[in-house]
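S.K.: Okay, structure incoming, though there's no sequence with it:
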């Protein structure tokens, strides 16, 4: 018995010790506590197994419990290795099979290490499984030991203490519970907004992977980023840009920066699967505004579009081309010149210059968004065309030095084109750098900030103004001189004033709770039973009643398509029963061939017929329209009639949903 326990202790201690080694706290007490926790867990495990009769039950229980413990401790090690901390939001965001398969070429050694180590655990148990006698401790003793083990686990203990010291407020159930003014949130995002926008200057955004301000501090890292330093002198910076919950990883940072709301949700531990289920697809983001203004939009990134849901997000928000590893690799002169994540940044920027020239030649305003990858934690992977950083031998610093060189070269190439004079260039961190092998060089107590520099913009934000990533979309639109009417939930134009200030820290928890509720319930079209009251996707064509002026009806995965032969086409939805009208909203995405009017008819007890007195309407424009109607004032039962327009032609309704 003791030999098996000692064997398991030695094996399981490996990831526990490694996790504490990579912890940003580097606390000896935390390491001792973690080992004590592990020892108690193994003691409890041994006694539980000893109480079972030898045979199938003991074998299955032993292998299952050891696999469960092994999975937990190795996952904990991976979390500390990648980000220096216990399980958190960004860890869960990437905790799914797709993330593993898309990063196999980068992290396969970790997977191989886990499988080999797990086999050793299994063999240890199988060898000793029948070689011990039970001590028969009482159930109370085992319970006490288990509770003590859990309490001693540093990660669990810190999470529990944080939870107890910051009690969670009751979840929001209705919009009426939100104090919009106090929380500094824009209620207009819930209204039916007919997007209007006029084109301004061209836009180039370079999101630099994990490259925050500290790398540009010459006193800390001499001559690490000479090109960014020069570009800082040419442009202007946000010098107080700080992260917030939901912005701490690549997609969190990008979504927050483009959509004016952080990537937080109330959907549990779904990982980046949420990006494939319609999350925030009803939010109006910077590229949606630019699309209405007539911009050509291209995203380019060296990594796979499947990782983190990048491809789904950019396609849902009107990028004309979304180009990742698989799309760009065939364009390389040497298709074998790729790294673990995909294209190196030198290849990416060369292709981005070509794309800039093509977009500039089109004569239309454009948005070119580029995402680098060479500086990805924990060790970085600098391009072969770059020289190493001469002052410190460190792979992340080599990668940062390389990205600095490539960004400087990229901007110099853009300057050679006449279109540059009419182009706003934004250089920004996608998020603060996660734990990497350069952290040991960071001064203790240094207040880290996100990097943000703007070139070619006349206006600038006053020094010291507090900013968060959700403020970037409205601010960039203002810099572009794009006139628009699009509201953003949590962000504001920093040129006009500060959105949040230091005193708002006390409302931050309630603010995030409200954002989480609105993101999931009103800015996304995920088919959740507790939210989705009706969906066209679940409707059969025969369940809809059409007017005589509707022909060639077709209901497919792309939506409901039909032809109107007159000025009064309409169809009636199936019988609908709303348990509660409060907070219910109708979401419609409609494509029409000419400007028109969308009208919703409903019945009431006083007027059981469809009449002009019981209508809600909105103007529509040629092309795609997104419409939102509040249903608080309609009857709880009945059939809604939809009149999509007052003209002949083809109509496509790709989305009709009613959600609470």
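M.R.: Yep, that arrived. None of the values given here were measured: they were computed from a predicted structure. Residues are numbered from 1 along each chain as shown.

S.K.: Helix or strand next in line after the helix or strand in which residue 254 is found, which one?
M.R.: Element membership of residue 254 [criterion: DSSP states H and E] is helix 250-259. Sequence-wise, the next helix or strand downstream of helix 250-259 (DSSP H and E) is helix 286-292.

S.K.: what about that next one, average pLDDT?
M.R.: Summarised as a single mean, pLDDT over helix 286-292 is 96.

S.K.: Residue 378 and residue 435, how far apart?
M.R.: 6 Å (CB to CB, to the nearest Å). Backbone N, C-alpha and C define where each C-beta goes, glycine included.

S.K.: Find residues that contact each of those two.
M.R.: Any residue near both residue 378 and residue 435 by CB atoms under 8 Å, 6 or more residues apart in numbering counts here, and that gives 81, 82.

S.K.: Show me what the helix holding residue 254 is packed against.
M.R.: helix 89-93, strand 202-208, helix 286-292, helix 310-316, helix 472-479 (3 or more CB pairs under 8 Å, 6 or more residues apart in numbering; DSSP states H and E).

S.K.: Turn those into JSON lines, columns for distance to residue 419 and mean neighbour count.
M.R.: Formatted as JSON lines, these follow (distance: least, CB to CB, whole Å; neighbours: other CB atoms under 10 Å):
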{"stretch": "helix 89-93", "distance to residue 419": "37", "mean neighbour count": "20"}
{"stretch": "strand 202-208", "distance to residue 419": "6", "mean neighbour count": "24"}
{"stretch": "helix 286-292", "distance to residue 419": "16", "mean neighbour count": "25"}
{"stretch": "helix 310-316", "distance to residue 419": "22", "mean neighbour count": "22"}
{"stretch": "helix 472-479", "distance to residue 419": "17", "mean neighbour count": "24"}
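
S.K.: mind checking which of these is nearest residue 373?
M.R.: Nearest of those to residue 373, taken as CB to CB: strand 202-208 at 9.7 Å.

S.K.: Could you figure out how far the closest one is turned away from helix 472-479?
M.R.: 150 degrees (axes from the mean of the first three to the mean of the last three CA atoms, to 10 degrees).

S.K.: so residue 317 makes contact with residue 258?
M.R.: Yes. The pair residue 317 / residue 258 is scored as a contact, 7.3 Å apart, by CB atoms under 8 Å.

S.K.: So which of these two has more stuff around it?
M.R.: Taking other CB atoms under 10 Å, residue 317 and residue 258 do not tie; residue 258 has more neighbours (27 against 24).

S.K.: can you pull the pLDDT of residue 87?
M.R.: 73.

S.K.: Relative to residue 344, how far out is it?
M.R.: From residue 87 to residue 344 the distance is 31 Å (CB to CB).

S.K.: And those two? Which one has more around it.
M.R.: residue 344 (25 against 19).

S.K.: quick one, helices of the stretch 451-600 of the chain?
M.R.: Here the stretch 451-600 of the chain has its helices, by DSSP state H, counting those that start in this stretch, at 472-479, 508-522.

S.K.: Identify whichever of those lies nearest to residue 374.
M.R.: Minimum separation from residue 374 across these (CB to CB) falls at helix 472-479, 22.7 Å.

S.K.: Any stretches of the protein with poor pLDDT?
M.R.: For the chain, residues meeting the criterion pLDDT under 70 lie at 1, 93-100, 102-104, 132-135, 162-170, 192-193, 266-278, 525-531, 578-582, 635-636.

S.K.: Any idea how far stretch 78-97 is from the middle of the chain?
M.R.: Distance of stretch 78-97 from the chain centroid (CA atoms, centre = their mean, to the nearest Å) equals 14 Å.

S.K.: Pull out the buried residues from that stretch.
M.R.: For stretch 78-97, a neighbour-count test (16 or more other CB atoms under 10 Å) marks 78-87, 90-91, 93-95 as buried.
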